[in-house]
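Visitor: Build the 3D model from these lines:
(chains A and B)
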Amino acid sequence: SQKIEQNSEALNIQEGKTATLTCNYTNYSPAYLQWYRQDPGRGPVFLLLIRENEKEKRKERLKVTFDTTLKQSLFHITASQPADSATYLCALDMSDNNDMRFGAGTRLTVKP
Amino acid sequence: EAGVTQFPSHSVIEKGQTVTLRCDPISGHDNLYWYRRVMGKEIKFLLHFVKESKQDESGMPNNRFLAERTGGTYSTLKVQPAELEDSGVYFCASSPSFRGPAYFGPGTRLTVL
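Guide: Numbering: from 1, shown residues only, chains lettered A, B, ... in the order given. Modelled structure (predicted):
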């Protein structure tokens, strides 16, 4: 069956450390993979998009990797800050469908 | 630039009633999506409009749900009659291109009692 699994429901880290979030998928062939941030009571906010032929993408303190062999994406936040505390969602964008499939999300808490 | 807006922000109705949710996408975005998140579950796709045409409605749970996008601008999602399991947060998103970042609205929280 098709699955998208994000490593854990919750991740707690200390301010200044690097947060690493994992998105694993099975029985999908995504053309793109996207990461979103969601704060309580708000809609998801787009962060980064990586294509199947790209290994890595960076934006400021954010880095995403995409390994289509392992069927995994890693999302890194370096020099984390309490303001980075939120739920982070990965979403697979299929080449043959119109819809995005979302993971359940990982709730990141960065402690001062 | 105004973002995606949704109305109402909350709706509480009784089972059997009808509710209509509205989404105003970002101006110029041809692609409009509806998603739903029920308690404890992941966000799930409902349907996709390109301008006024339904591109994909494979995620619509059943025929109690009707989505429209007249004139290719705002969209409505009607639930009639509402059931308890329809409770959740309904998100609308728009995008200027078929593949790429989606810009989400704040969502409508629907509670069916």
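
Visitor: Would you mind identifying the next helix or strand past the helix or strand of chain B with the lowest mean pLDDT?
Guide: In chain B, no helix or strand scores lower on mean pLDDT, DSSP states H and E than strand B:53-56, which sits at a mean of 90. Next along the chain after strand B:53-56, taking DSSP states H and E as the criterion, comes strand B:65-68.

Visitor: if you take the average position of chain B, which residue is closest to it?
Guide: residue B:34 (3.5 Å; Cα atoms, centre = their mean).

Visitor: Looks to me like that one is in a strand.
Guide: Yes - assessed by DSSP: H, G, I helix; E, B strand; the rest coil, residue B:34 belongs to a strand.

Visitor: quick check, distance from the least confident helix or strand of chain B to the centre of its chain.
Guide: Relative to the chain's own centre, strand B:53-56 is displaced by 13 Å; criterion: Cα atoms, centre = their mean, to the nearest Å.

Visitor: That one - which strands sit beside it in the sheet, and in what orientation?
Guide: Paired with strand B:53-56 in the same sheet, following DSSP bridges, are strand B:44-50 (antiparallel).

Visitor: in the partner strand, what's buried?
Guide: B:44, B:45, B:46, B:47, B:48, B:49 (16 or more other Cβ atoms under 10 Å in any protein chain shown). (C-beta placed from N, C-alpha, C; glycine too.)

Visitor: Contact partners for residue B:101?
Guide: Residues near residue B:101 by Cβ atoms under 8 Å, 6 or more residues apart in numbering or on different chains: A:34, A:46, A:49, B:95.

Visitor: Going by neighbour count, which of those residues comes out on top?
Guide: The residue in these with the most neighbours, by other Cβ atoms under 10 Å in any protein chain shown, is residue A:34 (24 neighbours).

Visitor: quick check, the host helix or strand of it touching chain B?
Guide: For residue A:34, the element it lies in under DSSP H and E is strand A:30-38. Yes - Strand A:30-38 lies within reach of chain B by Cβ under 8 Å from any Cβ of the partner chain, at A:31, A:32, A:34, A:36.

Visitor: how about the residues you listed in CSV, adding pLDDT?
Guide: Listed next are the residues of strand A:30-38 next to chain B as CSV, based on pLDDT from 0 to 100:
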residue, pLDDT
A:31, 82
A:32, 89
A:34, 94
A:36, 97
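
Visitor: Give the ChimeraX command for selecting the buried subset of the residues you listed.
Guide: Of the residues of strand A:30-38 next to chain B, the buried ones can be selected in ChimeraX as follows, counting by 16+ other Cβ under 10 Å:
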select /A:32,34,36
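
Visitor: Looking at the residues of strand A:30-38 next to chain B, which is nearest residue B:77?
Guide: residue A:36 (20.9 Å; Cβ to Cβ).

Visitor: Which residues of chain A lie near chain B?
Guide: Within chain A, the residues that sit near chain B (Cβ under 8 Å from any Cβ) are A:4, A:31-32, A:34, A:36, A:41-46, A:49, A:89, A:93, A:97-105.

Visitor: Now intersect these with the strands, please.
Guide: Mapping the residues of chain A next to chain B onto strands (DSSP state E) picks out A:4, A:31-32, A:34, A:36, A:45-46, A:49, A:89, A:93, A:100-102.

Visitor: who in chain B is up against chain A?
Guide: So far as Cβ under 8 Å from any Cβ goes, chain B lies against chain A at B:4, B:33, B:35, B:41-45, B:48, B:55-56, B:58-59, B:91, B:93, B:98-107.

Visitor: and those, which are buried?
Guide: Of the residues of chain B next to chain A, these count as buried by 16+ other Cβ under 10 Å: B:4, B:33, B:35, B:42-45, B:48, B:55-56, B:59, B:91, B:93, B:99, B:101-107.
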